[in-house]
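Enquirer: Sequence first, predicted model second:
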2 protein chains.
Amino acid sequence: MSLQRFISEAVSPWMKDEGPDSDIVMSSRVRFARNLKNYVFPILSDREQNLEVIKEVRSQFNDVPDDHIGELELLEMEDLKPIEKRVLVEKHLISRNLIEQSKNGAVLLSENETVSIMVNEEDHFRIQCLVAGFELKKAFNLANSLDDWIESKVDYAFDERRGYLTSCPTNVGTGMRASVMLHLPALVLTQQLNHIIPAINQLGLVVRGSYGEGSEALGNIFQISNQITLGKTETDIIEDLQGVVMQVIEKERAARRALLDNSRIELEDRVYRSLGILENSRIIQSKEAAKCLSDVRLGIDIGLVKGLSKSILTELLILTQPGFLQQFAGASLTPTERDIKRATLIRERLELEYQLSKKSEGDEQ
Amino acid sequence: MSLQRFISEAVSPWMKDEGPDSDIVMSSRVRFARNLKNYVFPILSDREQNLEVIKEVRSQFNDVPDDHIGELELLEMEDLKPIEKRVLVEKHLISRNLIEQSKNGAVLLSENETVSIMVNEEDHFRIQCLVAGFELKKAFNLANSLDDWIESKVDYAFDERRGYLTSCPTNVGTGMRASVMLHLPALVLTQQLNHIIPAINQLGLVVRGSYGEGSEALGNIFQISNQITLGKTETDIIEDLQGVVMQVIEKERAARRALLDNSRIELEDRVYRSLGILENSRIIQSKEAAKCLSDVRLGIDIGLVKGLSKSILTELLILTQPGFLQQFAGASLTPTERDIKRATLIRERLELEYQLSKKSEGDEQ
């Protein structure tokens, strides 16, 4: 049953929480890369060996690891339809890699979708914890407790000098990647981000688009993560990242204030035109939709647009990705059909939102 | 009092009538160029001589020429503020020429704004009759009766062989220019107009933008008029023009049908996006506003858009010209201020329209 929910609901339950600094930070994520001591690493293993890992997981990991996350369910990639796999990628619950490169890939998903543990991706385990807002420590603590839970059942490949061993040398050491997803429309609009990114890179951090390496920053959503996993403790990595993100948040807020002070009417024009396009278009490509959604979300965050919930950007960005669109249509769609379906879906979603907002106004009176 | 009305109302009373073929033809116009026998023609005359003409007009033309048009009021350009003159141009009641080139220019305007007789423009008299829809003969008959009325009081410069004498040789003969204003969005969209215009030119007719010679076709509104004034009777000119316009109307209708049949969703997308921009923008330039208004008007004419009246295109096109905007603002405006005022005015006008339409729905129930 929960597969259905993973697939059919665009927004993971945790996304509905707002979390700290939710005007800018969408989510915080921590993931650990771990491998098993007595198994060939996935980059070298064959199907047989990967199947052994899955068996190990199926037999050992059927208790509930933590009160807060609920049960974990094992989904094997081979049992899923292409469209279902694509939807899981669009929800950031699995990586494209797990679909495209892995042999016998699987994922352990928690009911609230905060936890996803990929099996047989680049490493045997990729423990990922996703939480709403700016909550790196919360995500880190959760990942840590899951790491302990797994280690209580299996032996990790670990080296006293090098730390956790991983398929890719860039992950050796802590095996940890911590990242924060930020909505930075004002820094993009004022062309400050071009200057900020190189400065962030110099601190050993990376800035990427919202779907990870090589992806474009759809909807002005950027992910800042640590590059270095070796020679630094997990806590230092988290704290360094946290410090940089705090500075970026301040810069984005300052840029928003400056825009409101100096170009209020131009900003209003941009926000409302985008809303007008989302409410009216009959054909819309994902790039334009993302741009408009980003504008509208900015409008909500700075108080220009009323009657729309903050989560509409996240929700519609995911909902209008090809996988979800086809899931809704119940069929595979040509690019033009997708652009039509996307426009319809956005219009209907906004219409629903206005009705709910009117209703809640009515309830308040 | 009527000066106030000429200035403050964007839409001339006659524009509210729809007239025949009003899905495509906005208006039909006939104008006669006439000069007085015993006065120097305006291209050569000085201020003194022009003042004499004005005196002649003021003393002779104070009766009512025709039951249907009501009283004529004489407005002298020297008594008007620059903004007021500009508004009259934007309503097509006087020419730019009358403001910019004429010495002691004036205009006799009828209450319903169907008739405007410019005095001391390029010629002593420019008798213009404007009617809604495709009604060339109605305009012609009206202009004719005014011509007779004037000729009953003064002597025209007339030559047995050449006909009416005019300042510019291109007007000699009948002195008549007949024109039809057409909304041709589908022919523009399907790029057929580029082929049609040369064919029309070969028939001795001219296609121009809506504000006459040298003006761009704002809002896909084109004016087709006769080029030749010599060697053909007035009736032949009218009939030839009428025949060509009928063909253009048929072509535009066919193009609209083809668009609906072959690209309905793309057309809907275009129309609704334009409506969304008009309803939401906070800054809009006249060119973009005209494009959007044309799209929406097309949407109304082909039945896609409900709840908006047909005259909204004409009205808002005139209303959002610089002169009117400044008239409304009660001050002269910078280009940016005009773009803001234009957006506000369009939003408010549409809002009003929706309220009226809701109200009339309510009344019907």
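Expert: Arrived safely.
Enquirer: Go ahead and confirm residue A:53 touches residue A:36.
Expert: Yes. Contact criterion C-beta atoms under 8 Å: residue A:53 and residue A:36 qualify, at 6.6 Å. Quick note: C-beta positions are derived from backbone N, CA and C, even for glycine.
Enquirer: what is in contact with the two at once?
Expert: residue A:124 (C-beta atoms under 8 Å, 6 or more residues apart in numbering or on different chains).
Enquirer: Looking at these two, which is more packed in?
Expert: Between residue A:53 and residue A:36, counted using other C-beta atoms under 10 Å in any protein chain shown, the more crowded position is residue A:53 (22 against 19).
Enquirer: would that one count as being in a strand?
Expert: No. Counting by DSSP: H, G, I helix; E, B strand; the rest coil, residue A:53 is not found in a strand; it is helix.
Enquirer: Let me see the contact set for it.
Expert: A:36, A:39, A:104, A:119, A:120, A:124.
Enquirer: Could you identify the most distant pair in those residues?
Expert: Across the contacts of residue A:53, the longest distance by C-beta to C-beta is 14.0 Å; it joins A:36 and A:104.
Enquirer: Quick one: distance of the top helix by length along chain A to the chain centre.
Expert: In chain A, ranked by residue count with DSSP state H as the criterion, the top helix is helix A:234-280. Put simply, helix A:234-280 sits 18 Å off its chain's centre (C-alpha atoms, centre = their mean, to the nearest Å).
Enquirer: tell me the average confidence for that helix?
Expert: For helix A:234-280, mean pLDDT rounds to 97.
Enquirer: so what does the next helix or strand after it touch, helix or strand wise?
Expert: Sequence order places helix A:286-301 as the next helix or strand after helix A:234-280, per DSSP states H and E. Packing contacts for helix A:286-301, counted by 3 or more C-beta pairs under 8 Å, 6 or more residues apart in numbering or on different chains; DSSP states H and E, involve strand A:176-183, helix A:185-189, helix A:234-280, helix A:312-319, helix A:335-364.
Enquirer: before we move on, back to that, any chance of the contacts of residue A:53 in TSV, with secondary structure too?
Expert: What follows is the contacts of residue A:53, written out as TSV (three-state DSSP):
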residue	secondary structure
A:36	strand
A:39	coil
A:104	coil
A:119	strand
A:120	coil
A:124	coil
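Enquirer: between those residues, which is closest to residue A:17?
Expert: So of the contacts of residue A:53, ranked by how close each gets to residue A:17 (C-beta to C-beta), first place is residue A:119, at 27.1 Å.
Enquirer: Alongside chain B, which residues does the stretch 151-300 of chain A contribute?
Expert: With C-beta under 8 Å from any C-beta of the partner chain as the criterion, the stretch 151-300 of chain A comes near chain B at residues A:265-266, A:268-269, A:272-273, A:275-277, A:279-283.
Enquirer: By neighbour count, which of the residues you listed wins?
Expert: residue A:281 (25 neighbours).
Enquirer: Tell me the spacing between that one and residue A:12.
Expert: 27 Å (C-beta to C-beta, to the nearest Å).
Enquirer: Repeat that for residue A:257.
Expert: Residue A:257 is 31 Å from residue A:12, by C-beta to C-beta.
Enquirer: same question, residue A:346
Expert: Residue A:346 sits 20 Å away from residue A:12, going by C-beta to C-beta.
Enquirer: before we move on, what about residue A:160?
Expert: Relative to residue A:12, and taking C-beta to C-beta, residue A:160 is found at 38 Å.
Enquirer: In terms of packing, which of these two has more residues around it?
Expert: residue A:12 (23 against 5).
Enquirer: ok, the residue of the stretch 51-200 of chain A found nearest chain B - how many residues close by?
Expert: Minimum separation of the stretch 51-200 of chain A from chain B (C-beta to the nearest C-beta) falls at residue A:189, amounting to 15.3 Å. When neighbours are counted by other C-beta under 10 Å, residue A:189 registers 20.
Enquirer: Enumerate every residue touching it.
Expert: A:255, A:259.
Enquirer: Format the contacts of residue A:53 as CSV; extra columns: distance to chain B and pLDDT.
Expert: Conversion of those to CSV gives the following (distance: C-beta to the nearest C-beta, whole Å; pLDDT from 0 to 100):
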residue, distance to chain B, pLDDT
A:36, 53, 95
A:39, 53, 93
A:104, 43, 91
A:119, 44, 96
A:120, 43, 96
A:124, 48, 96
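Enquirer: With distance to residue B:82 as extra columns, can I get those residues in a markdown table?
Expert: Below are the contacts of residue A:53 laid out as a markdown table (distance: C-beta to C-beta, whole Å):
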| residue | distance to residue B:82 |
| --- | --- |
| A:36 | 85 |
| A:39 | 87 |
| A:104 | 81 |
| A:119 | 78 |
| A:120 | 78 |
| A:124 | 81 |
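Enquirer: Buried subset of those, written for ChimeraX?
Expert: The ChimeraX selection below is limited to those of the contacts of residue A:53 classed as buried (16 or more other C-beta atoms under 10 Å in any protein chain shown):
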select /A:36,39,104,119,120,124
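Enquirer: Just the element for residue A:27, please.
Expert: Applying DSSP H and E, one finds residue A:27 within strand A:25-34.
Enquirer: Quick check: the gap between residue A:104 and residue B:261.
Expert: 52 Å.
Enquirer: just residue A:144 next, same as before
Expert: 63 Å.
Enquirer: between the two, who's got more neighbours?
Expert: Taking neighbours as other C-beta under 10 Å, residue A:144 and residue B:261 compare with residue A:144 leading, 16 against 8.
Enquirer: Name the SS class of the more buried one, please.
Expert: Residue A:144 ends up helix, using three-state DSSP.
Enquirer: now the helices for the stretch 1-150 of chain A?
Expert: A:2-8, A:47-60, A:82-90, A:96-100, A:136-151 (DSSP state H, counting those that start in this stretch).
Enquirer: Could you dump those into a markdown table and include mean pLDDT?
Expert: Below are the helices of the stretch 1-150 of chain A laid out as a markdown table (pLDDT from 0 to 100):
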| stretch | mean pLDDT |
| --- | --- |
| helix A:2-8 | 62 |
| helix A:47-60 | 92 |
| helix A:82-90 | 87 |
| helix A:96-100 | 91 |
| helix A:136-151 | 94 |
